[in-house]
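Asks: pasted the sequence and its predicted model underneath.
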There are 4 protein chains.
Amino acid sequence: MNTFGRVFKVGIFGESHGPAVGVVIDGVKAGLPLCEEDFMSDILRRKSGARGTTPRTESDEPRIISGVHDGHTTGAPVAVIFQNGNTRSGDYESIRDIPRPGHADYVASVKWNGFNDPRGGGHFSGRLTLPLVAAGVIAKKMCPGRIEASLVEIGGEPDRSRWDAMLDGASREGDSLGGIVECRVEGLPAGLGEPFFDSVESLLSHAVFSIPGVRGIEFGDGFSAARMTGSQHNDPFVRPEDGKAGAVPSKNGAGGVNGGITSGAPVVFRVAFKPTSSIARAQQTLDLSSGETVTLNVPGRHDVCFALRTPVVVEAVTAIVLADLAACRK
Amino acid sequence: MNTFGRVFKVGIFGESHGPAVGVVIDGVKAGLPLCEEDFMSDILRRKSGARGTTPRTESDEPRIISGVHDGHTTGAPVAVIFQNGNTRSGDYESIRDIPRPGHADYVASVKWNGFNDPRGGGHFSGRLTLPLVAAGVIAKKMCPGRIEASLVEIGGEPDRSRWDAMLDGASREGDSLGGIVECRVEGLPAGLGEPFFDSVESLLSHAVFSIPGVRGIEFGDGFSAARMTGSQHNDPFVRPEDGKAGAVPSKNGAGGVNGGITSGAPVVFRVAFKPTSSIARAQQTLDLSSGETVTLNVPGRHDVCFALRTPVVVEAVTAIVLADLAACRK
Amino acid sequence: MNTFGRVFKVGIFGESHGPAVGVVIDGVKAGLPLCEEDFMSDILRRKSGARGTTPRTESDEPRIISGVHDGHTTGAPVAVIFQNGNTRSGDYESIRDIPRPGHADYVASVKWNGFNDPRGGGHFSGRLTLPLVAAGVIAKKMCPGRIEASLVEIGGEPDRSRWDAMLDGASREGDSLGGIVECRVEGLPAGLGEPFFDSVESLLSHAVFSIPGVRGIEFGDGFSAARMTGSQHNDPFVRPEDGKAGAVPSKNGAGGVNGGITSGAPVVFRVAFKPTSSIARAQQTLDLSSGETVTLNVPGRHDVCFALRTPVVVEAVTAIVLADLAACRK
Amino acid sequence: MNTFGRVFKVGIFGESHGPAVGVVIDGVKAGLPLCEEDFMSDILRRKSGARGTTPRTESDEPRIISGVHDGHTTGAPVAVIFQNGNTRSGDYESIRDIPRPGHADYVASVKWNGFNDPRGGGHFSGRLTLPLVAAGVIAKKMCPGRIEASLVEIGGEPDRSRWDAMLDGASREGDSLGGIVECRVEGLPAGLGEPFFDSVESLLSHAVFSIPGVRGIEFGDGFSAARMTGSQHNDPFVRPEDGKAGAVPSKNGAGGVNGGITSGAPVVFRVAFKPTSSIARAQQTLDLSSGETVTLNVPGRHDVCFALRTPVVVEAVTAIVLADLAACRK
């Protein structure tokens, strides 16, 4: 459903070309300083316009319509809306019959009996990650730890010095590229996470897979762990470097989590994003009205690599999960 | 928390060396034929005793104590318990001070202020997957689709003909191996999954990461998708092979899910399991009482590769997710 | 929290004198005809202006900002907002120190450490029932049964012919009156409600007590049942009058519910509303800053009997409960 | 559904004449002293055998099968089961065709398509309040405030000196009596309860109406408040008697709750219980197989006034609600 969390609850609404997208956040602590300006730096990180992203830009101006008074959160739900602006709805009329490969057009139409809003992907649009980022800004004020996500691969290439050329090349060829985002959370206390079903990995992966275009997630050594022996992967506990009490795993191949519970070591995970589905090349797909294969040119201007815009979104969902876990902690 | 699901709800309880482990399943349809014998074939698939698994065996006898009358489910919650038997609690006394590498001993103790049951990992034991398998048996009776999971890699090796030698070798060396399980669900209708937060991948990954020892999950092309171009990864819709109406993706690199919603193609995902943490070799870890590094010999007999026992557990959580999604579908 | 429901989920936000109040409704069936005009008849029933209600009126214009396209619901969450207008914020400045008797001013300030929005009761205002009524309009389109609520008592008087005089009298005296609303739902199928905790009465009372000013609820014979003998209260099953199969209770003293499950007879319950807390007379209360008792004249113009405006609110929460129960029904 | 609560979660299972009834409680704080003996004093208060209750007694022996180790809760879910013993299943064979007036036999059969366990009311039996009382014992260890419930009326009579004669009279006549339970919670902090939907009254009434046989609930002045004027019902804040800071309502006609939030005054509510449905007299009901009205003699030995056994059940659900509210409090 469109809500996530038990005590710190986030609800997302809106459609790409409808009047607005927005978010309602319940369980926000009273007394946090909050104004619309606070959202801007994270919103800018998600914004398009840079190399490899679409030149189409939205205004992305947050408007707080509930839960803030005199510059502080009141304790009541915080609601933030973003008017939709720069839309070219005419571009999307043919989608009902000719679903775009890799998009949710077809499944949305099946699920909602053809009543889905097809314009720009409707409720399945990447535009919905904008209110998610807004929720993340508030979550970051409430959650423990310092969250930092960044792109570590584009098109399989970890060397950043080569990315500009790759993006330009893909753009010239009318193609697109995927990427991998790594997220790291430092400074979490040991003990977050709830057995049996609400392990830290369970909640983070749940939230991460709600971001459009994710194909996989791995923690610590991840898929490589499955190829290691126990003596290689096992992680002796050692004394914390900072002289604190307790123990920490020395190699952190488990990514900061043991048995679903934070160990006090940094939580580290990687998220695989597919290449942008909308490409400038002609593609084959099915015309549902005729039952024939047709050639489709997806109209509009699109990101060459939308993964460039996702690190702040990964941070947002991470903060949302951690804010809820921290709020539920007894 | 220890419950999962909105309408088909599964709650797990128990500790490895306590009186019993069990499961309560709410939202079970009335009138399903069900008896204790029905659980046995899946329970046997999880059982130890085969090559690469521990020779320690439990009786694993399910006892239905609620929700079944005259051989059918009644509509009331189904409760199934398994008495714990073959336990050697004395083996675990030193764990409080000397946490086993890779285990939850340390985090459990931090989280629960030292009151956790340390014997056999307590509530964090793999023993808890037994009631999960029982819940899966019931879920399979209620969910759409045919679910089949199998081990596709051990220690990085996809060729099954080499597995016996690898398991014997690891056993001789007192070491352990990880593995990768692939799960495939055929015959699902298009349209399952709920935006924004309850995508099919979100729910499946949530449930899968509750299984102890999981390090990663990927759908369809998974992490490889991040290294493909859009023209490679994109998936033209074609007519279904069986002559049905509608459309299906031709390559299924998205693993049966678009925009978080089932597309009608098989749902395919892979799960990375770490090597067994308990190995026969001596390991270094921290003695919390002295603050010194010590050499630990983990007592007891353990799986060389516990991933061998997990395909049926992956099937169980998959069935639980699909039963709930199907029950919630409007 | 500010959300209610498992599959048909309603979330309320806003504060009396903030920018807007609103509602997000998840789980709305796709394809329902819906436009802003549809909300107006129920909104008018809640509106003030009639005898016994405050002359202060708001514009109460709904704006749908998500979930509707081409005149039909899309399947995505429906969001409806109401701008706040006719506010006199200056009236409320003294509330922080001198809490109004019968209002939530004091508890809100304690709960939210003084950061609550005090203007007009903030999030605790009766204004929040406006988005609730909007949610009810959509719920009525999805729920089984015909819901009708009406005021059956004012100030203890069941004879409607005397109400005008009583209201005028109370108004002249600067006083206020309470009332009792009866709600009746005809045409429900037998079998709605979920044991053990989600009985029909449990869910209805949960929702009803979220309406400000409710002091009690009773079903069927209600409190009188506690004063009857079993032979008086027991209700023989008889054949349904309409010739349908099955059985119905003949007297319906259980109010349409047996064991928490609808019986097929009309669901009938009564709700007690307190008299309006804001009265024109001077009242005693505590000045928190001085610790002294002071005389308070609550400023503003208020309902003599706000219960007059509540039948449509009771209908709304009833519809919300029934829409969710119907959506969850297997 | 069969679970209640967000962080302190209670799940009930079992059927009257099945193998066992039980409860799983998630979110129990680690380190609480707990043993089976701890349950006995509350279980004895629910037990039958006294004047006005059935002479049929069960052993009611709790068995803790999860979540306790070395005499303390471990942090994992606590599971408690009660074997069912003294059952005469043969008594209930005719219920499928001839539903008992006032019981859930008929609705259970409709809801669950005839697969419900009909013996002793199955899952709808008052026997299910036994695990509820067990959950209450644990909740009382975690919740703030001192909870005390007692019967204040039998058959409309508040004078206790007359109750024995009334019970004997009803017993002689083969009839039954209802009653009213008052519950009072002292010592709660101000600020518990969550707007908009989780007011204290919402949660308490939700839980109370899950107890079989409840017809109504009212807080503070309750239904009388609807017959008072504002100047009568309004409640000036005064300084707390104990010299503490803050304010309390002087008359407490709101029952300790303002705007759904505890005010610091005692929470007071009354619950109406119907007379026992099973009476020794012959009753008319419908034979579903023939469609004819028949005379039914309900077999077995029953409580003359089951309300006598309910105060401890009301306390239990109250403790469960307060434990959850306290656990969720930020």
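Replies: Alright, I've got the coordinates.

Asks: quick one, helices of chain A?
Replies: Ranges of helices within chain A are A:40-46, A:105-111, A:129-142, A:163-172, A:200-208, A:230-233, A:311-328, based on DSSP state H.

Asks: residue ranges in the stretch 201-330 of chain A under the pLDDT threshold?
Replies: Low-confidence segments of the stretch 201-330 of chain A (pLDDT under 70): A:330.

Asks: got a list of what the closest residue to chain B within the stretch 151-300 of chain A touches?
Replies: Residue nearest to chain B within the stretch 151-300 of chain A: A:Gly259 (2.5 Å; Cβ to the nearest Cβ). Quick note: C-beta positions are derived from backbone N, CA and C, even for glycine. By Cβ atoms under 8 Å, 6 or more residues apart in numbering or on different chains, A:Gly259 lies in contact with A:195, A:199, B:103-104, B:107-108, B:121, B:124, B:212.

Asks: could I get these as CSV with neighbour count and distance to D:Gly253?
Replies: CSV is the format used below for the contacts of A:Gly259 (neighbours: other Cβ atoms under 10 Å in any protein chain shown; distance: Cβ to Cβ, whole Å):
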residue, neighbour count, distance to D:Gly253
A:Pro195, 26, 45
A:Ser199, 24, 48
B:His103, 22, 57
B:Ala104, 27, 52
B:Val107, 26, 50
B:Ala108, 29, 49
B:Gly121, 26, 54
B:Phe124, 28, 51
B:Pro212, 26, 54
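
Asks: quick one: which of these is nearest to B:Lys140?
Replies: Using Cβ to Cβ, B:Pro212 comes nearest to B:Lys140 of those, at 21.6 Å.

Asks: which pLDDT does the model give the residue nearest to the closest one when sequence neighbours are not counted?
Replies: Spatial nearest neighbour of B:Pro212, excluding adjacent residues (Cβ to Cβ, 6 or more residues apart in numbering or on different chains): B:Gly126 at 5.2 Å. Note on B:Gly126: pLDDT of 94.

Asks: is it true that B:Gly126 touches B:Phe273?
Replies: No. Under the criterion of Cβ atoms under 8 Å, B:Gly126 is not in contact with B:Phe273, lying 10.9 Å apart.

Asks: would you list the phi and psi of the residue sitting furthest away from the middle of chain A?
Replies: Most distant from the centre of chain A: A:Ser290, at 36.6 Å, with distances by Cα atoms, centre = their mean. When read as degrees, to the nearest 10, the backbone of A:Ser290 gives phi -100, psi -20.

Asks: run a quick neighbour tally on the residue nearest to B:Pro212.
Replies: By other Cβ atoms under 10 Å in any protein chain shown, 20 other residues sit near B:Gly126.

Asks: quick one on the thing from earlier: ranking the helices of chain A by burial, who's on top?
Replies: Among those, ranked by average contacts under mean count of other Cβ atoms under 10 Å in any protein chain shown, first place goes to helix A:200-208 (a mean of 28).

Asks: that one and chain B in contact?
Replies: Yes. Applying Cβ under 8 Å from any Cβ of the partner chain, one finds helix A:200-208 touching chain B at A:201-203, A:205-208.

Asks: from the chain's centre, how far out does that helix sit?
Replies: In terms of Cα atoms, centre = their mean, to the nearest Å, the centre of helix A:200-208 is found 11 Å from the chain centre.

Asks: go on, stretch A:35-47?
Replies: 15 Å.

Asks: related to what we said a few turns ago, what's the overlap in contacts for B:Gly126 and B:Phe273?
Replies: Both B:Gly126 and B:Phe273 are contacted by B:213, B:306, under the criterion Cβ under 8 Å, 6+ apart.

Asks: contact partners for whichever residue of the stretch 101-250 of chain A sits closest to chain B?
Replies: In the stretch 101-250 of chain A, the residue that lies nearest chain B is A:Ala104 (2.5 Å; Cβ to the nearest Cβ). Taking Cβ under 8 Å, 6+ apart as the contact definition, A:Ala104 lies against A:121, A:124, B:258-261.

Asks: what sits against the closest residue to A:Met40 other than its chain neighbours?
Replies: Nearest residue to A:Met40, sequence neighbours excluded (Cβ to Cβ, 6+ apart): A:Pro62, at 7.9 Å. Going by Cβ under 8 Å, 6+ apart, A:Pro62 touches A:36, A:39-40, A:43, A:80-82, A:134.

Asks: please report how far A:Pro62 lies from A:Ala139.
Replies: 15 Å (Cβ to Cβ, to the nearest Å).

Asks: pretty sure A:Ala247 sits against B:Val107.
Replies: No. Assessed by Cβ under 8 Å, A:Ala247 is found out of contact with B:Val107, at 9.8 Å.

Asks: excluding covalently adjacent residues, which one is nearest to A:Gly52?
Replies: Spatially, and ignoring its direct neighbours in sequence, A:Gly52 is nearest to A:Leu167 (4.0 Å; Cβ to Cβ, 6+ apart).

Asks: how much space is there between the one you found and B:Thr229?
Replies: Noted for A:Leu167: a distance of 12 Å to B:Thr229, by Cβ to Cβ.

Asks: any common contacting residues for these two?
Replies: Taking Cβ under 8 Å, 6+ apart as the contact rule, A:Leu167 and B:Thr229 both touch A:Leu177.

Asks: just the pLDDT for the residue nearest to A:Val257 when sequence neighbours are not counted.
Replies: Counting by Cβ to Cβ, 6+ apart, the nearest residue to A:Val257 once its immediate chain neighbours are dropped is A:Val200, at 4.9 Å. At A:Val200, the pLDDT value in this model is 98.

Asks: likewise for A:Gly49?
Replies: pLDDT, read off for A:Gly49, is 80.

Asks: before we move on, what about A:Glu93?
Replies: You'll see A:Glu93 listed with a pLDDT of 69.

Asks: could you point out where the stretch 1-150 of chain A is predicted with low confidence?
Replies: Looking at the stretch 1-150 of chain A by pLDDT under 70, you get A:86-91, A:93.

Asks: can you do 90?
Replies: Scanning the stretch 1-150 of chain A for pLDDT under 90 picks out A:1-2, A:48-59, A:85-97, A:120.
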